[in-house]
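1. Sequence first, then the predicted structure:
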Amino acid sequence: MTAYVIFIKDGVKDPDEMAIYAEKAGAARGDHPLTPLVFYGDITTLEGPEAEGAVVLAFPDMAAARAWYDSPAYTEARAHRFKGADYRVLLVEGV
């Protein structure tokens, strides 16, 4: 069953760290079977707190999503995201 990793960017703290994250996160895709569905497009908040940005990645299943998220390459990348911005990240199983 398809799984989705949803990133909600609440605010940037350090643009330099985010630049490093962007470079490393792109490289961390490797041969993982992910499909970007949303990548920082225009946002209209209908409910809840405003967000600066959003990304939705689709994976074949929860195991594939976790394999990417827990991979050494993405683990290294996300360390820069933690320093660079406040995010909420969700892993959601589709229907």
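-> Nice, I can see it. Numbers count the residues shown, from 1 in each chain.
2. Just the terminal-to-terminal distance for stretch 7-21.
-> 14 Å (C-alpha to C-alpha, to the nearest Å).
3. what mean pLDDT would you report for that stretch?
-> In this model, stretch 7-21 has an average pLDDT of 98.
4. Next, the closest residue to residue 80 other than its chain neighbours: phi, psi?
-> What sits nearest to residue 80 in space, not counting adjacent residues and going by C-beta to C-beta, 6 or more residues apart in numbering, is residue 21, at 3.9 Å. Every residue, glycine included, has its C-beta placed from N, CA and C. With angles defined as degrees, to the nearest 10, residue 21 sits at phi -60, psi -50.
5. Likewise for residue 67?
-> Backbone torsions of residue 67, given as degrees, to the nearest 10, read phi -60, psi -40.
6. same check, this time on residue 34
-> The phi/psi pair for residue 34 (degrees, to the nearest 10) is phi -120, psi 150.
7. Regarding the residue lying closest to it once chain neighbours are set aside, what is its secondary structure?
-> Leaving aside its sequence neighbours, residue 34 sits nearest to residue 57 (C-beta to C-beta, 6+ apart; 4.9 Å). With DSSP: H, G, I helix; E, B strand; the rest coil as the basis, residue 57 sits in strand.
8. And residue 50, by the same measure?
-> Per three-state DSSP, residue 50 ends up coil.
9. Residue 38 too?
-> Secondary structure, three-state DSSP: residue 38 is strand.
10. check contacts around it.
-> Residue 38 makes contacts with 54, 55, 56, as judged by C-beta atoms under 8 Å, 6 or more residues apart in numbering.
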